[in-house]
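Q: Build the 3D model from these lines:
(one chain, ligands or ions: 1)
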Amino acid sequence: MPAPSAPSPRAYERLVDDLSSEVGVHAAVSWAHAGAVVRHATEHRLVAPVAGTPGPDHTRRVLAALAAAHPALESLEDPQVAGVWEDSISPAGWERITQLWNQVPLSDEGHRVDGYRLGDAYQALSADARKARALCQTPVWVADLLLALSVEPALDAVGPDQIRMIDPSCGTGHILLAAFHRIRAHRPRGRSPHRAVTRQRGVERALQAVHGVDLDVYAAALARYRLLATSADLLGGPISAVPAAWPVQVAAADALLSTDEPLLRPGRYHAVVGNPPYITVRDAQLREQVRRSYPEVCSGKYSLALPFTVLMTRLAAPAGTVAQLTANSFMKREFGRKFIEQYLPQVDLTWVIDTSGAYIPGHGTPTVIMVHRAQPPQGDSVITVRGNRGEPRVPQDPAQGLVWRAIEEAVHERLDLERLRKGMEAHRREQQFTTTTEVA
Ligand SMILES: C[S@@+](CC[C@H](N)C(=O)[O-])C[C@H]1O[C@@H](n2cnc3c(N)ncnc32)[C@H](O)[C@@H]1O
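A: Next comes the predicted model:
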C-alpha cells in the first residue's frame, strides 16, 4: 500500500478551526495534539495499557495515566496546560483527529521516540504559539552545530558529570533532546572504552545536565514528556520506571521577566544555547517592562533577540559559552546600534556565522549564529564565517543544502584545528613539567 501523503499546513489549521467551533481554540489545539501524544505513548509502550477503545474518554484516561507516571508530567492534568480537561469533543471531532494522525508518522526516523515530530505537530496546530510567542522549532541539524560550539567545549572542560546547560526559550525541546543525547553518550577524549558509563548512569547524568524554560506552558510540558519518553525507552521500560527522584528540569516561565524561577538563577550554566524569539513585543506595557529590565540593549523598536542575548549571558557561569541562532535584523536596523556599539564589545565574542543564505525551514527571517563567552574580550580576533550567496534552490533535504553543508564544514574544520592546538599545548605543558621535575 503506498504511504499516505503528509498533510499540508492548511490541514492542521482546518482541523483546529473545525474543532474550535465545538470547544474553543485552546481546547481544540489540545485535543488535536493529545491524539498524537496518546498514540505516541501507546505505540511505544511508555504507559501501561488503559482499558477502553480509542476516543475522547480513553484519551483523557491515558493522559491521566501519563500525569501519574512521573512527577514531571503532573501538569498534563491541569486544564490551563491541557485544554482537553476544559471541554469534551464529539465523536465526529474525534474521528477527524484520528484521520489526521493516520496520515502522519509520529515516531522519529528509525522508530525513535525523541518526539521531534510531536514538537513539529504542536507548531503546526497552534497559530497562537507561532504568532504570539514565535514558536518555530530549531531543526536538529542546527541544534547539533550550536551544541558543537557550546556544549562540546564545555564537556571537554568540566566533563559530563558536572556540566549544566540551559535553553531559556526551549519550545518543545528540540535543542534539549539533542543536548541530552550528546551528554548521555559523551566519552572523554582519549579514555579507553571500558570507562564507558552504564546506560542508566548516562540517562541520569543527561537529565541532571539539561535545563529549559519556555513561556508556553504546553510546550514546556511537551519538552518534559519528550525527555522522559526518551529516557524510558533507553531504560527499556515505561515512563513510570524512570525514578521519580531523577530531575526533569524544564519550567514554564517568562524567562526575561521572571524573578523567582530557580532555573533562571544567574551564573549557573557552562553552556547557554538557544534560538530565542526575535519578534517585537506587541503589548505596549510588556514592551516597556522588558525595556526597563534590559536598558543596556533595548532601544527603539527592539527585537526580543537582544534582551535574550543579555539574559543568556547572565545565565552563563563565568567564562561559560553562549551560542544562539538569531535574526540578523539588529545588524541592519537602528535598534541594533546600541547592542553592537555598547553591549557586544563588553563580551568575549568568538564566532559570527552568517546563516542568512542557508535554508532553515520556518525561519523566513535571515539569521546568524553568534557565539560568545561570558567574560570580557580575551583577544583581538573573532572567527567569522561569511556567506557570499544563498541556496540556488530550496534543497530537498535542508540539512544537506549546499550553503548549510559549507557552513558546517568550515566550522568543524576550525573546531578540529582548535582542538589540535589545545591538545598540542597540553602536551607541551606536560613535557615541560616532566623536564622540570627531572631537572629538579
Ligand atoms: C524559535 S522558538 C525556539 C524553539 C526551540 N529551540 C525548539 O527547538 O523547540 C522560540 C521560543 O521562545 C519562546 N518564548 C517567547 N518569549 C519567551 C519568553 N519571554 N520567555 C521564555 N520563552 C519565550 C516561545 O514560546 C518559543 O517556544
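Q: Now do the strands in the stretch 101-250 of the chain.
A: With DSSP state E, counting those that start in this stretch, the ranges of strands along the stretch 101-250 of the chain come out as 165-167, 210-214, 249-252.
Q: Check the stretch 251-400 of the chain too.
A: Under DSSP E, counting those that start in this stretch, the stretch 251-400 of the chain gives strands at 269-274, 316-327, 348-354, 367-373, 383-385.
Q: ok, is the second one in contact with the ligand or not?
A: No - counting by CB under 6 Å from any ligand atom, no contacts exist between strand 316-327 and the ligand, the nearest distance being 8.3 Å. Every residue, glycine included, has its C-beta placed from N, CA and C.
Q: re earlier: just put the strands of the stretch 251-400 of the chain in JSON lines and tack on mean neighbour count and mean pLDDT.
A: As requested, those are exported to JSON lines (neighbours: other CB atoms under 10 Å; pLDDT from 0 to 100):
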{"stretch": "strand 269-274", "mean neighbour count": "28", "mean pLDDT": "98"}
{"stretch": "strand 316-327", "mean neighbour count": "22", "mean pLDDT": "97"}
{"stretch": "strand 348-354", "mean neighbour count": "20", "mean pLDDT": "97"}
{"stretch": "strand 367-373", "mean neighbour count": "23", "mean pLDDT": "97"}
{"stretch": "strand 383-385", "mean neighbour count": "15", "mean pLDDT": "95"}
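Q: So for the ligand, which of the strands of the stretch 101-250 of the chain sits nearest?
A: With CB to the nearest ligand atom as the criterion, the ligand lies closest to strand 210-214 of the strands of the stretch 101-250 of the chain, at 4.6 Å.
Q: between that closest one and strand 269-274, how many degrees?
A: Using axes from the mean of the first three to the mean of the last three CA atoms, to 10 degrees, the inter-axis angle of strand 210-214 relative to strand 269-274 is 40 degrees.
Q: Which strands border strand 210-214, and is each parallel or antiparallel?
A: Strand 210-214 sits in its sheet next to strand 165-167 (parallel), strand 249-252 (parallel), going by DSSP bridges.
Q: C-alpha coordinates for that strand, CSV please?
A: In CSV, the C-alpha atoms belonging to strand 210-214 read as follows (Å, rounded to 0.1, in the frame of the first residue of the first chain):
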residue,chain,number,x,y,z
VAL,A,210,19.8,19.6,30.7
HIS,A,211,17.6,22.6,31.7
GLY,A,212,15.0,24.5,29.8
VAL,A,213,12.5,27.3,30.2
ASP,A,214,9.6,28.4,27.9
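Q: Please see if it touches the ligand.
A: Yes - Strand 210-214 is in contact with the ligand by CB under 6 Å from any ligand atom, via 213-214.
Q: What are the contacting residues of that strand?
A: 164-171, 173, 175-176, 179-180, 183, 220, 223, 227, 249-253, 255, 258, 261, 263-264, 269 (CB atoms under 8 Å, 6 or more residues apart in numbering).
Q: Which one of the strands of the stretch 251-400 of the chain lies nearest to Trp141?
A: strand 316-327 (11.3 Å; CB to CB).
Q: Let me see the backbone angles for Arg104.
A: Check again: residue 104 is Val, not Arg. Per-residue torsions, Val104: phi -120, psi 120 (degrees, to the nearest 10).
Q: residues of stretch 66-74 that come out buried?
A: 66-70, 72-73 (16 or more other CB atoms under 10 Å).
Q: Which pair in those residues has the greatest spatial separation?
A: Ala68 and Ala72 (11.7 Å).
Q: circling back: for Asp354, find the nearest of the strands paired with strand 210-214.
A: That would be strand 165-167 among the strands paired with strand 210-214, by CB to CB, at 22.4 Å.
Q: pLDDT (mean, whole number) over the closest one?
A: Mean pLDDT, strand 165-167: 98.
Q: With stretch 114-122 instead?
A: Computed over stretch 114-122, the average pLDDT equals 94.
Q: again with stretch 147-162
A: On average, stretch 147-162 scores 95.
Q: so how far is the first residue of it from its last?
A: Using CA to CA, to the nearest Å, one end of stretch 147-162 lies 16 Å from the other.
Q: Kindly report the same for stretch 257-267.
A: 17 Å.
Q: Identify the residues contacting it?
A: 166, 168, 211-213, 249, 251, 253, 255, 289-290, 293, 314-318.
Q: Quick check: buried residues in it?
A: Of all the residues in stretch 257-267, those buried under the rule 16+ other CB under 10 Å are 257-258, 263-264.
Q: Can you tell me which residue of this protein sits closest to the ligand?
A: For the chain, CB to the nearest ligand atom, closest residue to the ligand: Gly171, 2.5 Å.
Q: Surely that residue touches Leu118?
A: No - contact criterion CB atoms under 8 Å: Gly171 and Leu118 do not qualify, at 11.7 Å.
Q: quick one: which of those two has more around it?
A: The residue with more neighbours, out of Gly171 and Leu118, is Gly171; 29 against 24, by other CB atoms under 10 Å.
Q: what residue ranges in the stretch 1-150 of the chain score low on pLDDT?
A: Residue ranges of the stretch 1-150 of the chain with pLDDT under 70: 1-6, 110-111.
Q: sorry, back to before: give me the buried subset of the contacts of strand 210-214.
A: 164-171, 173, 175-176, 179-180, 183, 220, 223, 227, 249-253, 255, 258, 263-264, 269.
Q: Out of these, which sit inside helices?
A: 175-176, 179-180, 183, 220, 223, 227 (DSSP state H).
Q: Report the two of these separated the most.
A: Among those, the pair separated by the greatest distance (CB to CB) is Ile183 and Ala220, which sit 19.8 Å apart.
Q: Just give me the neighbour total for Pro188.
A: Pro188 has 10 nearby residues by other CB under 10 Å.
Q: need the contact list for the residue nearest the centre of the chain.
A: The centre of the chain sits closest to Ile175, judged by CA atoms, centre = their mean, with a distance of 2.9 Å. By CB under 8 Å, 6+ apart, Ile175 lies in contact with 138, 143, 146-147, 167, 212, 273-275.
Q: cutoff 6 Å now
A: Going by CB atoms under 6 Å, 6 or more residues apart in numbering, Ile175 touches 138, 143, 167, 273.
Q: Please list which of the residues you listed also come close to the ligand.
A: Within the contacts of Ile175, those near the ligand by CB under 6 Å from any ligand atom are 138, 167.
Q: The contacts of Ile175 into a markdown table, with extra columns for distance to Asp397?
A: Converted to a markdown table, the contacts of Ile175 look like this (distance: CB to CB, whole Å):
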| residue | distance to Asp397 |
| --- | --- |
| Thr138 | 17 |
| Ala143 | 16 |
| Asp167 | 25 |
| Val273 | 24 |
